[in-house]
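no FASTA, just this:
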């Protein structure tokens, strides 16, 4: 079943800006879906239309089969939104922010209290429940917005840059939490500028640029489209010059650091066999750039020769 | 429409509004009480003694219903306009927009919140008035129904103001340049029978005149206008303004791009 289905969605703002130029995509129920794109690409507009915060110009949106044109309330009931900007009443108590949202979704008071405790505890905010929301740190406010979005236990959770400005420790704990929620059956759509985050969490990725979807596929398929990858090898002993490696381009960055570019037809096994044959021992290895980030830059900036072949592959 | 969901959602908005009113009681409850106490002291006690009677009542008694009504309508209006615009400004109105509750529920929840604040302040002002004069309610049902309808009208008007407001100045313009003059010229301090005929007719175009006089009729049993006319005008305003609010929210005016 489709959690979300979007057909020929367009949005032209009053000032004439065409934010969406007829996008189509769908998200399977249970998926963890990344919607990526540079600033101003149309991600937040698309999310705004799905969640009724923005009026669409044309097109169709269905959430679990409910059209936002004909069954808006049923469609809204399925969605939980964690927006990009902080949008809570900062003068409210933390607990009331979540309780109020539960009320807006029709949860009776008893259930609202139970769910509020459940999600505030899960997001490590229970101790802060009687504090004003404005007293929370940036990361806590973001976690509070997640708790608020989950209180009615939506089938589709949409997170618009939920970890922006959040330190790495909290970010990783949020990742774990989102994985658990997804494993329990909640479909998740995530937009983020941390492509490492999307690569780590998501099974499907769509890239939107200038109001158009330019890539939409399983994460593994997208990553396989990368023709070349660059690895940095730390060596046990220093070298005077980069070794000649058949099928690889090697460059010595420092005496004990070798950068090797690998094509699609070669394997790391072949690389290690050649290096071992030369008596070069590798202590550690890392991918120079985040793979998704590299692909993203190629798709969006359209800089590299052969981009079309990559995109169409 | 899911009735239970909307009922719970409406209760939530009302509870949130009341928590807000009581949390900032120094801004919401105390100022009208102080202002009205000053009105009673200056207009009622000091100046009123020299005025004598009006429509057969001493001046303090005569102005008391008008002052109570004035505090009710300005606070009903003020509560909704500041709360709803504050929610727009702080973007937490999005909490309501993304939820499945209907736009009618959003309107009713805010209006009930505004009416409750108006009644709370009105009750406080009544208590203050009782320190200065005696009030014997002649028609309690008329008094209650008129105060409820009047505060509903102004709560709805406040909501329309908030929907169109883009900055804080915009929520001060209507109370300052429209509401206050209409209130002062709405028969709070005088009977329009004192005015020349032309100005009596002009006064009859002021809806607040009907609210103040109908409320005064409920308490004192005297009025410059027909009570039936007042009810008709108030009901037309309630239905009309509610319809306008619903139309604006359904169109997303001021809340959706």
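Structure's in. What do you need? The model shown is predicted, which means the values in this text are computed figures rather than measured ones.

dump the residue contacts of residue A:156.
By CB atoms under 8 Å, 6 or more residues apart in numbering or on different chains, the contact set of residue A:156 is A:3-4, A:27, A:63-64, A:78-80, A:186-189. For glycine as for every other residue, the C-beta is placed from the backbone atoms N, C-alpha and C.

now do 10 Å
Neighbouring residues of residue A:156 by CB atoms under 10 Å, 6 or more residues apart in numbering or on different chains: A:3-4, A:27, A:29, A:31, A:33, A:50-51, A:63-64, A:75, A:78-81, A:186-189.

Around chain A, which positions in the stretch 101-250 of chain B sit nearby?
Contact residues (CB under 10 Å from any CB of the partner chain) of the stretch 101-250 of chain B with chain A: B:101-102, B:105-106, B:109.

Give me the number of neighbouring residues for the residue in the stretch 101-250 of chain B that chain A sits nearest to.
Proximity to chain A, evaluated over the stretch 101-250 of chain B using CB to the nearest CB, is greatest for residue B:101 at 5.6 Å. Residues lying near residue B:101 (other CB atoms under 10 Å in any protein chain shown) number 27.

Kindly report the same for residue A:255.
Burial measure for residue A:255: 11 neighbouring residues, criterion other CB under 10 Å.

Break chain A down into its structural domains.
Split into domains by automatic domain parsing, chain A comes to A:2-224, A:229-291.

weakest of the ones you listed in terms of mean pLDDT?
Mean pLDDT values for those show the minimum at domain A:229-291, a mean of 88.

ok, which residues in the stretch 151-300 of chain A are in contact with chain B?
Residues of the stretch 151-300 of chain A lying close to chain B by CB under 10 Å from any CB are A:152, A:158.

what sits against the closest residue to chain B within the stretch 151-300 of chain A?
The stretch 151-300 of chain A approaches chain B most closely through residue A:152 (8.3 Å), counting by CB to the nearest CB. Neighbouring residues of residue A:152 by CB under 10 Å, 6+ apart: A:76-80, A:101-107, A:111-112, A:115, B:99-100.

Out of those, name the ones that lie in helices.
Mapping the contacts of residue A:152 onto helices (DSSP state H) picks out A:76-77, A:101-104, A:111-112, A:115.

ok, of these, which come out buried?
A:76-77, A:101-104, A:112, A:115 (16 or more other CB atoms under 10 Å in any protein chain shown).

what's next to the helix or strand harbouring residue B:181, contact-wise?
Following DSSP states H and E, one finds residue B:181 within helix B:180-184. Contact with helix B:180-184 is made by B:66-67, B:69-71, B:73-74, B:174-175, B:189-190, B:205-209, B:211-212, as judged by CB under 10 Å, 6+ apart.

Out of the domains of chain A, which one sits most buried?
domain A:2-224 (a mean of 19; mean count of other CB atoms under 10 Å in any protein chain shown).

tell me the SS of residue B:189?
Secondary structure of residue B:189, reduced to three states by DSSP: H, G, I helix; E, B strand; the rest coil: coil.

which residues sit in contact with it?
B:39, B:43-44, B:47-48, B:51, B:54, B:59, B:62-63, B:66-67, B:70, B:183, B:212.

switch to 7 Å and redo it
B:43, B:63, B:66 (CB atoms under 7 Å, 6 or more residues apart in numbering or on different chains).

try residue A:38
Applying CB under 7 Å, 6+ apart, we find residue A:38 in contact with A:209, A:300.

if you skip the residues just before and after it, what's nearest to residue 92?
No chain in the question, so chain A it is. Closest residue to residue A:92 in three dimensions, ignoring its sequence neighbours and counting by CB to CB, 6 or more residues apart in numbering or on different chains: residue A:133, at 5.6 Å.

The chain in question should be chain B.
Distances taken as CB to CB, 6+ apart put residue A:89 closest to residue B:92, at 4.5 Å, once the chain neighbours are dropped.

Quick check: the one you found is in a helix.
No. Looking at residue A:89 with three-state DSSP, it is coil, so not inside a helix.

isn't it right up against residue B:94?
No. Counting by CB atoms under 7 Å, residue A:89 sits too far from residue B:94 to count as a contact (10.9 Å).

What parts of the stretch 1-150 of chain A come near chain B?
Contacts of the stretch 1-150 of chain A with chain B, taken as CB under 7 Å from any CB of the partner chain, map to A:13, A:51-55, A:73, A:76-77, A:79, A:81, A:83, A:85, A:87-90, A:100-101, A:103-108.

rewinding a little: point out the ones among the contacts of residue A:156 that are inside helices.
Using DSSP H, the contacts of residue A:156 in helices are A:50, A:75.

Now do the strands in chain B.
B:53-54, B:57-58 (DSSP state E).
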